[in-house]
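Next come a sequence and a model predicted from it.
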Amino acid sequence: MVAAAKRKAKKKKKPQQPQTLNQSNPQNLVDLISRVTHTAHSFLSHNDLALLPSQSLTLESLIASTSHSLSRILSLLPKPLHHPPPLPPPQRDSWFRRFLLAPDSRWVDAFRMSKPSFLRLVNLLTPSLASAFPQIAPDCALAAAIFRLAHGAGYNAVSRRFGITQPEACRAFFAVCKAVTESLGHLFELRTDSERVVVGFGWSSLPNCFGVLGLARFGIDGEFFGNNGSLIVQALVDSEGRFLDVSAGWPGSMKPETILHQSRLYLGVEESKELLRGPSYKLSDGRLIPQYVLGDSCFPLLPWLLTPYNRVNEEDSFGSAERAFNGAHSRAMELVGDAFERLRARWQLLSASRRWKQECAEYLPVVIVTGSLLHNFLVKCNEPMPDKGVNCAEKEADFVDFDGVVDKNALRIRDALALHLSRANMRR
């Protein structure tokens with residue numbers, strides 16, 4: 001029996017070793033990948049109007065990466081091999097011209113605005129676009145730029161959809177940015193609609209408030225900016241979430257108080273004296289409150305810039321007036337955080353997860369200003385606010401609290417407003 005068992009063991013086959021790429025049929029692998037790629041390309045070509053932009057952009061990226069991988073495989077395999085046929089060229093009629101015949105309900109998905117708002121924007125910008133970039137119809141140039149801004153699409157993807165070359169897509173984008181900043185700059189209503197702003201905050205029990213001041217970071221890659229490099233944007237926001245003033249492009253290493261002192265907002269208040277010159281508000285106890293802005297604790301406390309009470313490790317020592325002020329201040333500060341979140345959610349090119357290349361950093365400020373003005377335009381058009389994205393906004397926790405000299409007049413104004421808010425809470 002032992003001998004029989006040995007003979008049986010000898011007859012057993014050795015386990016097969018997995019075949020390497022060279023041992024298999026490489027042509028079959030190439031043909032398979034080619035068929036899959038062509039099938040996906042055919043599906044995309046026939047369904048590009050039915051797919052959401054995010055879906056078509058993802059599918060395009062997968063097709064491109066698969067084609068690139070196939071090229072690498074062909075370069076590593078022995079010759080000769082039958083090379084797969086190239087992907088067919090895009091349809092002669094651009095996606096945008098065919099999209100114009102699609103249902104109006106698709107416009108919000110594609111351009112983050114309804115068709116009537118888009119057409120209104122075309123009418124406003126056509127004079128600037130027609131003179132600055134006559135090669136492309138104004139509606140096509142605007143749509144191409146908005147699509148890139150809305151979805152963070154690369155110029156190659158924009159080129160395919162709008163029937164223009166990649167250099168034309170780039171030029172159209174910055175022509176639209178220039179037209180928006182020149183034609184819609186009045187939508188930063190810091191100097192033009194102070195009464196509306198003050199009334200809006202009055203409904204929130206913040207008398208004579210002229211806005212909420214905050215900061216956000218936009219990531220930049222490159223040695224010059226460091227591992228966590230960024231540009232800082234300072235923005236003043238009203239009670240409706242509109243941007244009243246945007247100061248963009250400050251290096252991430254700058255202190256908030258330095259940015260403030262160099263901004264147009266500060267110069268308009270402290271030097272030219274043209275801002276916050278409205279009448280004071282008389283409180284019930286007879287004290288007067290001048291127009292002011294609420295700002296985060298990283299800013300200095302000034303007579304026109306009121307920051308929260310901040311006593312480290314002494315939270316229990318806050319009185320009712322201080323707690324009332326800090327509560328109202330905290331709720332107001334959410335306005336500027338929400339505005340930045342919705343700006344990033346609406347315009348994916350400004351998403352918090354996106355990091356710009358160092359060589360593109362000089363263009364980022366104008367893109368941020370453009371997105372902010374378009375945000376205001378859409379608020380004015382009563383377009384729905386986009387949902388705030390998950391982890392969409394950068395948190396300001398890394399901005400250190402200001403620890404410089406405190407203005408005594410500012411302390412008196414803040415104390416008076418705090419007492420007013422505390423009494424208002426008691427009457428509710």
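Yep, that arrived.

nearest residue to W347 other than its sequence neighbours?
Excluding its sequence neighbours, the residue lying closest to W347 (C-beta to C-beta, 6 or more residues apart in numbering) is G371, at 4.4 Å. To be clear about C-beta, it is placed using only N, CA and C from the backbone, and glycine gets the same treatment.

Distance check, the one you found against L364.
Going from G371 to L364 by C-beta to C-beta, to the nearest Å gives 10 Å.

out of those two, which sits in the busier spot?
Remark: of G371 and L364, G371 carries more neighbours, 23 against 20, as counted by other C-beta atoms under 10 Å.

That one contacts R342, doesn't it?
No: if you go by C-beta atoms under 8 Å, G371 and R342 don't touch, sitting 10.5 Å apart.

contacting residues for the residue nearest to W347?
Remark: with contacts taken as C-beta atoms under 8 Å, 6 or more residues apart in numbering, G371 is in contact with L149, L343, R346, W347, L349, L350.

average pLDDT for the one helix or strand it maps to?
Using DSSP states H and E, the secondary-structure element containing G371 is helix 364-380. In this model, helix 364-380 carries a mean pLDDT of 97.

same question, stretch 341-359
Per-residue pLDDT values over stretch 341-359 give a mean of 92.

what's the helix ranked longest in the chain packed up against?
For the chain, the helix that runs over the most residues, judged by DSSP state H, is helix 320-346. Contacts of helix 320-346 with other secondary structure elements, assessed using 3 or more C-beta pairs under 8 Å, 6 or more residues apart in numbering; DSSP states H and E, are made with strand 209-219, strand 230-237, strand 292-295, helix 364-380, helix 408-427.

Could you tell me the least trusted of the ones you listed?
Of all these, the minimum mean pLDDT falls on helix 408-427 (a mean of 91).

Counting neighbours, show which residues of it come out buried.
Neighbour counts over helix 408-427 (16 or more other C-beta atoms under 10 Å) mark A410, I413, R414, A416, L417, A418, L419, H420, L421, S422 as buried.

Over to stretch 125-132?
Across stretch 125-132, burial judged by 16+ other C-beta under 10 Å covers L125, T126, S128, L129, A132.

Only C-alpha atoms, please: export that stretch in CSV.
In CSV, the C-alpha atoms belonging to stretch 125-132 read as follows (Å, rounded to 0.1, in the frame of the first residue of the first chain):
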residue,chain,number,x,y,z
LEU,A,125,-21.5,90.7,-21.0
THR,A,126,-21.9,90.6,-24.8
PRO,A,127,-20.5,94.1,-25.5
SER,A,128,-17.3,93.3,-23.6
LEU,A,129,-16.9,89.8,-25.0
ALA,A,130,-17.6,90.7,-28.6
SER,A,131,-14.9,93.4,-28.5
ALA,A,132,-12.3,91.5,-26.5
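
Give the rounded mean pLDDT of it.
On average, the pLDDT along stretch 125-132 is 92.

how close does Q262 get to S247?
Q262 sits 8 Å away from S247, going by C-beta to C-beta.

what does W347 give?
With distances taken as C-beta to C-beta, W347 is found 18 Å from S247.

Those two: who's more crowded?
Neighbour count, other C-beta under 10 Å: between W347 and S247, W347 has more, with 24 against 21.

I'd assumed A153 was in contact with the more buried one.
No: with contact taken as C-beta under 8 Å, W347 and A153 are classed as non-touching, separated by 11.5 Å.

Can you report the mean pLDDT over the residues of stretch 266-275?
Here the average pLDDT along stretch 266-275 is 94.

Now do the buried residues in that stretch.
Of the residues in stretch 266-275, those scored as buried under the neighbour-count criterion (16+ other C-beta under 10 Å) are Y266, G268, V269, L275.

go on, stretch 43-60?
For stretch 43-60, the neighbour count (16+ other C-beta under 10 Å) marks L44, D48, P53, S56, L57, L59, E60 as buried.

Ends of it, what's the gap?
Between the start and the finish of stretch 43-60 there is a gap of 11 Å, counting by C-alpha to C-alpha, to the nearest Å.

Would you mind pulling the contact partners of it?
Here stretch 43-60 makes contact (C-beta under 8 Å, 6+ apart) with 40, 63, 88, 90-91, 95, 98-99, 102, 106, 109-110, 147, 150-151, 153, 157, 160.

Kindly report the same for stretch 254-274.
When contacts are taken as C-beta under 8 Å, 6+ apart, the neighbours of stretch 254-274 outside the stretch itself are 190-191, 213, 215, 232, 234, 236, 245, 247, 250, 275-276, 293, 296, 298-300, 304-305, 399-400, 402, 404.

Would you write a PyMOL line that selects the buried entries of those residues?
Paste this into PyMOL to select the buried members of these, with burial taken from 16+ other C-beta under 10 Å:
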select buried, resi 190+213+215+232+234+236+245+247+250+275+276+293+296+298+299+300+304+305+399+402
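
Keep only those of the contacts of stretch 43-60 that are in helices.
Using DSSP H, the subset of the contacts of stretch 43-60 located in helices is A40, I63, W95, R98, F99, D109, A110, F147, A150, H151, A157, R160.

And for the fourth one, the neighbour number?
Pointing back at R98 there. Burial measure for R98: 13 neighbouring residues, criterion other C-beta under 10 Å.

burial of the nearest residue to G222 once chain neighbours are set aside, as a residue count?
Distance criterion C-beta to C-beta, 6+ apart; nearest residue to G222, sequence neighbours excluded, is Q358 at 2.6 Å. Per other C-beta under 10 Å, the neighbour tally for Q358 reads 14.

how close does Q358 sit to N376?
Computed with C-beta to C-beta, the distance linking Q358 and N376 is 30 Å.

Also A143?
Between A143 and N376 the distance, using C-beta to C-beta, works out to 20 Å.

now swap in W356 and tell me
23 Å.

Same question for C170.
Taken as C-beta to C-beta, the spacing of C170 relative to N376 amounts to 25 Å.

Repeat that for L187.
Look at L187 and N376: by C-beta to C-beta, they are 4 Å apart.

Can you pull the residues that touch both of the two?
Overlap between the neighbourhoods of L187 and N376 consists of R242, taking contacts as C-beta under 8 Å, 6+ apart.

burial count for S42?
Residues contacting S42 under the criterion other C-beta under 10 Å number 12.

Could you pull out the buried residues of the helix or strand containing it?
Assigning secondary structure by DSSP H and E places S42 in helix 26-47. Of the residues in helix 26-47, those buried by neighbour count under the rule 16+ other C-beta under 10 Å are P26, V30, I33, S34, T37, H38, A40, H41, L44.
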